[in-house]
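**Student:** 3D model of this:
(4 chains)
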4 protein chains.
Amino acid sequence: MTRKLTMADIEAAATRLKNWGRWGADDEIGTLNHITPESIVAAARLVTKGKVMSLALPYDSAGPQGAKTNYPPLGRFNPIHLMLRTGTDAYSGKLDGRGIRTTDDIVIMPLQCGTQWDGLAHVLYGDKMWNGYDCRSVSSFGAEKCGIEKTREKMIGRGVLLDIARLMGREVLEDGFAITPELLEQAEIKFGVRVGKGDFLLVRTGHVEAKLNAKNWDGYAGGDAPGLSFETLDWLQARQVAAIATDTWGVEVRPNPSDEVVSPFHWISIPIMGLTLGEIFNLGELAKDCAGDGRYEFMFVSPVLPISGAVASPTNPLAIK
Amino acid sequence: MTRKLTMADIEAAATRLKNWGRWGADDEIGTLNHITPESIVAAARLVTKGKVMSLALPYDSAGPQGAKTNYPPLGRFNPIHLMLRTGTDAYSGKLDGRGIRTTDDIVIMPLQCGTQWDGLAHVLYGDKMWNGYDCRSVSSFGAEKCGIEKTREKMIGRGVLLDIARLMGREVLEDGFAITPELLEQAEIKFGVRVGKGDFLLVRTGHVEAKLNAKNWDGYAGGDAPGLSFETLDWLQARQVAAIATDTWGVEVRPNPSDEVVSPFHWISIPIMGLTLGEIFNLGELAKDCAGDGRYEFMFVSPVLPISGAVASPTNPLAIK
Amino acid sequence: MTRKLTMADIEAAATRLKNWGRWGADDEIGTLNHITPESIVAAARLVTKGKVMSLALPYDSAGPQGAKTNYPPLGRFNPIHLMLRTGTDAYSGKLDGRGIRTTDDIVIMPLQCGTQWDGLAHVLYGDKMWNGYDCRSVSSFGAEKCGIEKTREKMIGRGVLLDIARLMGREVLEDGFAITPELLEQAEIKFGVRVGKGDFLLVRTGHVEAKLNAKNWDGYAGGDAPGLSFETLDWLQARQVAAIATDTWGVEVRPNPSDEVVSPFHWISIPIMGLTLGEIFNLGELAKDCAGDGRYEFMFVSPVLPISGAVASPTNPLAIK
Amino acid sequence: MTRKLTMADIEAAATRLKNWGRWGADDEIGTLNHITPESIVAAARLVTKGKVMSLALPYDSAGPQGAKTNYPPLGRFNPIHLMLRTGTDAYSGKLDGRGIRTTDDIVIMPLQCGTQWDGLAHVLYGDKMWNGYDCRSVSSFGAEKCGIEKTREKMIGRGVLLDIARLMGREVLEDGFAITPELLEQAEIKFGVRVGKGDFLLVRTGHVEAKLNAKNWDGYAGGDAPGLSFETLDWLQARQVAAIATDTWGVEVRPNPSDEVVSPFHWISIPIMGLTLGEIFNLGELAKDCAGDGRYEFMFVSPVLPISGAVASPTNPLAIK
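**Tutor:** Numbering: from 1, shown residues only, chains lettered A, B, ... in the order given. Reported below is the predicted structural model:
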């Protein structure tokens, strides 16, 4: 699309794609309802070679936060890992008299600093949020509605990789590259897989790998990126995916295809459709494996940490073949 | 066993059960090496009804830390969840001008404050740790060896529940109740399952449920508990389990069956055998389900957060049937 | 006063004592404006024996937070002090190659967990705060108005101790003991000092000392306490004190002398009068010294940490004679 | 000095300047012992115009940490200030039912991230620290010896400003500019003040102001800087200062005047002499005031936060004239 999105486009999409009430007035998990016992059983059947791949970046000071950016900072920082007791304490005799030599540690981390799930309390629409709940449900006390802990048993199903970078014959898609529904369908054909109900759709742009290779995260977190176009929202709704995740910081294409709103895909996906988003997934190893065996589907398990009232969660997504 | 364990018993067990070098001089994951592609495929085959059960406690201020205890404090506290931006900010107009209304949050948490995996860097043996590494490898900079991130693709396989509370006809085993190899084998017979190579063995005492029902964690974290006897170490070694987890804070029975050492099971399991331990698992719902369908085996996926150099990790363990 | 305070009493006090606009429409420090260069010079003249007394409790895990209470928790906890590098690391050779052996540390602390100043952004009145500012000025981004950093050069002047416990011949006043204007004036006469414009008034109840002696903080933080009666607000206004501090957690008497509001003294003092409050001051040593030399006035310096946008600050108050 | 310092120079200085035992075998505060009741009384006499100047930088995300540097990172970051309850919560009705509308907050901060005192446990000398204590006294449990809390009543006395930038006719001294004893004495003559026993010596290079003016901290924290030469150690010892503070991140000149050790001034000042160092002081306003009235001495009060076992402390230093 060449013309810029307007507020009227947003509102039209909100009307067209609104899933409020679809799973009951008290639903707090949205499209994760597309997952069924049958889809879980079917996903498990995809495990045939016993190979497990982690799609998480390491959580540490080399993570994507804190690099240079031209956009306003979001207040996120890389995990701070600190020790409560160490082997050097033990060696120095400071644990003598305890009867055992143990170590202990702690982490301080924004829940969206690395590989992570956006929960449904993360984005608001006016004074409302998912399912029509009042946005004031998310206060300093956390999210009374749609906290990430509500999804504790949900992040499991069939994973499908659509490797758009490979489809385009590139190592990485450029910033501003908009992935359209047409491209998603071309990828389906090329990779021999069809996205369907209850699937976890993983879309690869090569963005994380490019930054890892460059050993420089400048411009990544909160910045420009390749990503899903606004038009894919209807496609995702039609296909009834459980969730979508990418290797970018924010799933959608950036610079914003709008002069009126920031992150238009987020305006609709989370609060209107109830669509959970996964971000900063490292899809490199998985992409190589799929290219190698020609199988772009797998069992996918990516549990949240059930932090009560959280609006997001770090996760270690596992693709199992 | 009625007599108290002595340092000589510990040393004999260390000699008898030492797995150092068994998986190479540079191994950092110990008994998780028992997991094979075949065991993963077999585990996935156990998924027949598409039911997922989370074995994690909520991570919040109602967690088990900070309650009364007669033992020295370990410096652990319940997760502190704080907001960086809220829906009340949005409602108050404080996010206007951003072009989107989003919320954000952060957590501060000891890595062993709730449902969690002990990594192999958590317990030292003299000036050594797992596989003979120097204990000074765990310094204020974190664990150079055996960091929890080394297990990022490992926490998956067959789960087996041995419900010792049910075996004994009790809701909860009493503090100091020692679970012996004989009891484990009686449970195998009663529940129709045999623990084997690469399994994740879950042992239920009812301890977490009893504290939840009482709405009072006094005496739990760091305190007395039912648990595995020291003698089960040989049994676990023989059965070649990948890992063991329980619903107590520390797996092993307490008060300590020794006047000379604290937590003797820990002295051997982690640094000598390389056996990963899971603690504070909530096994209540799973136990009911197993009793209901008579199947005490299931697919088990419990990924760590790959925090670089961490000695432990919170986890949301999923039992999938 | 035996009858309970009503909302009408609160509103009447708000009308009677409101200082909004008194120091200009853009004032953010309230009664700290009573401090003048002359009062600072005069305070310095009180330094005659060169004795310095700290009125701060240690900031550590033995602090007053986290003990048992019958009131709702306020989310405060004791300071968490953690090391980034240690002498045990150095001893273990982990700092070799750096060219110097240094240690480093970090603290995580609620700003009101120990000895502390309440800033003027700490208490709101309806949808307003001090000087009539909109209460939404205090958002997740901190206090845009009345942040504690505005007082960075203000916490200095004459300190006056009114030792009410000593006046009453007791080690500690009992919970619920209301300190009236009459008692304050009796103390002035007994101790030979008169509270005046720009003074920092310290009122001793013995509460901190009693808890320290008992080695048990149960019931202290957020709980019942001796303290200032609501009636003292008019007296404090008349005397034009710069600030008031006590050895209790919340200055005012508790249980609340009202069925309609909680902490009525706070409703008026901070948002209406612009009166800064100091809490959890340890006045024991100072009280002994004053009793010894008969001088209940001294130079008082208690700088805030200028944390931008903070609503409170820890402080190490120094009384200098 | 043009030749580089060698380890032999360090060792010679350690022998020559060692104050271990000078104030008793159990001393933990070093040169702060130079402060006497008389020096405090004399300092108070310097307060004649009632003007208070804060020498602290704001503690916030605009602080000096996290900027670009060519040196290894020290693990320090700017203060993280977070809200526990806000005015936007109040406005949104989330505090209704509490009976009062209050806000609350928290800070996470390395103790050396901004304006701060280095305590005597911050630098070690071999396996020893100040007064000959074992360096293992500083473990993950904090500093058993020389914790900053030991200085809680000590940071008060006469302050003397030597404005070396002004002496040299510059706004800021260049990185690598070494301030020699000769320059300090020239400054004494020019500014009409003589540094003596128990003084707090403040040395201005213009470094903080230059970075503030540039709105860019690149290269500041942990980087090159103007500063005290190694030779000033003998001078400081002779003059018997209580402490020294500057507007640089590390007091001493950098690049290091040595190929063998990093920060040679630190090797001797803290662990050998017992000299407390103040860093990242903002001396701009004070310097203007001193130039204006020609008085380079003042009362100086800069209390530490008595965090038990801390190796450093943030501080809000007040210069009072």
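
**Student:** residue contacts, the closest residue to A:G132 other than its chain neighbours?
**Tutor:** Sequence neighbours aside, A:W20 is the residue nearest to A:G132 in space, at 4.7 Å (criterion: C-beta to C-beta, 6 or more residues apart in numbering or on different chains). From N, CA and C alone the C-beta is placed, and that goes for glycine too. For A:W20, the contacting residues are A:130-132, A:272, A:274, by C-beta atoms under 8 Å, 6 or more residues apart in numbering or on different chains.

**Student:** which residue sits closest to A:E260, ignoring its sequence neighbours?
**Tutor:** Nearest in space to A:E260, with sequence neighbours left out and distances taken as C-beta to C-beta, 6+ apart, is A:M7 at 4.9 Å.

**Student:** and that neighbour, how many neighbours?
**Tutor:** Applying other C-beta atoms under 10 Å in any protein chain shown, we find 13 residues neighbouring A:M7.

**Student:** likewise for A:V261?
**Tutor:** Per other C-beta under 10 Å, the neighbour tally for A:V261 reads 18.

**Student:** for it, phi and psi?
**Tutor:** In terms of degrees, to the nearest 10, the main-chain angles of A:V261 are phi -130, psi 160.

**Student:** same thing with A:L233?
**Tutor:** phi -60, psi -40.

**Student:** buried subset of the contacts of A:W20?
**Tutor:** Neighbour-count burial (16 or more other C-beta atoms under 10 Å in any protein chain shown) applied to the contacts of A:W20 gives A:130-131, A:272, A:274.

**Student:** what is the most widely separated pair among the residues you listed?
**Tutor:** A:N131 and A:I272 (9.9 Å; C-beta to C-beta).

**Student:** so what sits against both of these two?
**Tutor:** By C-beta under 8 Å, 6+ apart, A:N131 and A:I272 have these common neighbours: A:19-20.

**Student:** and for A:G196, the neighbour number?
**Tutor:** A:G196 is flanked by 14 other residues according to other C-beta under 10 Å.

**Student:** any idea how far it is from A:L286?
**Tutor:** Look at A:G196 and A:L286: by C-beta to C-beta, to the nearest Å, they are 19 Å apart.

**Student:** tell me the residues of the stretch 101-250 of chain A that contact chain D?
**Tutor:** Proximity of the stretch 101-250 of chain A to chain D (C-beta under 8 Å from any C-beta of the partner chain) is limited to residues A:108, A:136, A:139-141.

**Student:** residues from chain A in reach of chain C?
**Tutor:** Contacts of chain A with chain C, taken as C-beta under 8 Å from any C-beta, map to A:82-84, A:86-89, A:91-92, A:94, A:106, A:108, A:140.

**Student:** farthest-apart pair in the residues of the stretch 101-250 of chain A next to chain D, please.
**Tutor:** For these, the farthest-apart pair by C-beta to C-beta is A:I108 and A:R136; their separation is 27.1 Å.

**Student:** where does pLDDT dip in chain A?
**Tutor:** A:1-2 (pLDDT under 70).

**Student:** change it to 90
**Tutor:** Scanning chain A for pLDDT under 90 picks out the ranges A:1-3, A:68-70, A:72-74.

**Student:** ramachandran angles for the residue most central in space within it?
**Tutor:** For chain A, A:G278 is the residue whose C-alpha lies nearest the centre (C-alpha atoms, centre = their mean; 0.7 Å). When read as degrees, to the nearest 10, the backbone of A:G278 gives phi -110, psi 140.

**Student:** which residues touch it?
**Tutor:** If a contact means C-beta under 8 Å, 6+ apart, then A:G278 has A:115-118, A:200, A:202, A:243-246, A:251, A:302, A:315, A:317 as its contacts.

**Student:** and what of A:V172?
**Tutor:** A:165, A:205-207, A:209-210, A:226 are the contacts of A:V172 under C-beta under 8 Å, 6+ apart.

**Student:** in strands only, show me those residues.
**Tutor:** The members of those all map outside strands under DSSP state E.

**Student:** between which two of those residues is the distance greatest?
**Tutor:** Among those, the pair separated by the greatest distance (C-beta to C-beta) is A:E209 and A:P226, at 12.3 Å.

**Student:** tell me which of these two has more neighbours.
**Tutor:** Neighbours were counted for A:E209 and for A:P226 using other C-beta under 10 Å; A:P226 has more, 27 against 19.

**Student:** test my guess that that one contacts A:T205.
**Tutor:** Yes: shown here, A:P226 and A:T205 form a contact pair, counting by C-beta atoms under 8 Å, at 4.3 Å.

**Student:** the strands in the stretch 201-321 of chain A, which residues?
**Tutor:** Using DSSP state E, counting those that start in this stretch, the strands of the stretch 201-321 of chain A run over residues A:227-228, A:243-246, A:276-279, A:297-301, A:312-314, A:318-320.

**Student:** what strands line up against the longest one, and which way round?
**Tutor:** Put plainly, it is strand A:297-301. Each strand paired with strand A:297-301, and its direction, by DSSP bridges: strand A:156-163 (antiparallel), strand A:318-320 (antiparallel).

**Student:** format those strands as a markdown table; extra columns: mean neighbour count.
**Tutor:** Output for the strands paired with strand A:297-301, formatted as a markdown table (neighbours: other C-beta atoms under 10 Å in any protein chain shown):
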| stretch | mean neighbour count |
| --- | --- |
| strand A:156-163 | 26 |
| strand A:318-320 | 26 |
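
**Student:** of all these, which one is nearest C:E11?
**Tutor:** Of those, nearest to C:E11 by C-beta to C-beta is strand A:156-163, at 56.9 Å.

**Student:** hang on, the earlier thing: export the contacts of A:G278 to TSV and tack on neighbour count?
**Tutor:** Compiled in TSV, these are given as follows (neighbours: other C-beta under 10 Å):
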residue	neighbour count
A:T115	28
A:Q116	28
A:W117	28
A:D118	27
A:F200	30
A:L202	27
A:A243	29
A:I244	25
A:A245	28
A:T246	28
A:V251	28
A:S302	28
A:T315	26
A:P317	26
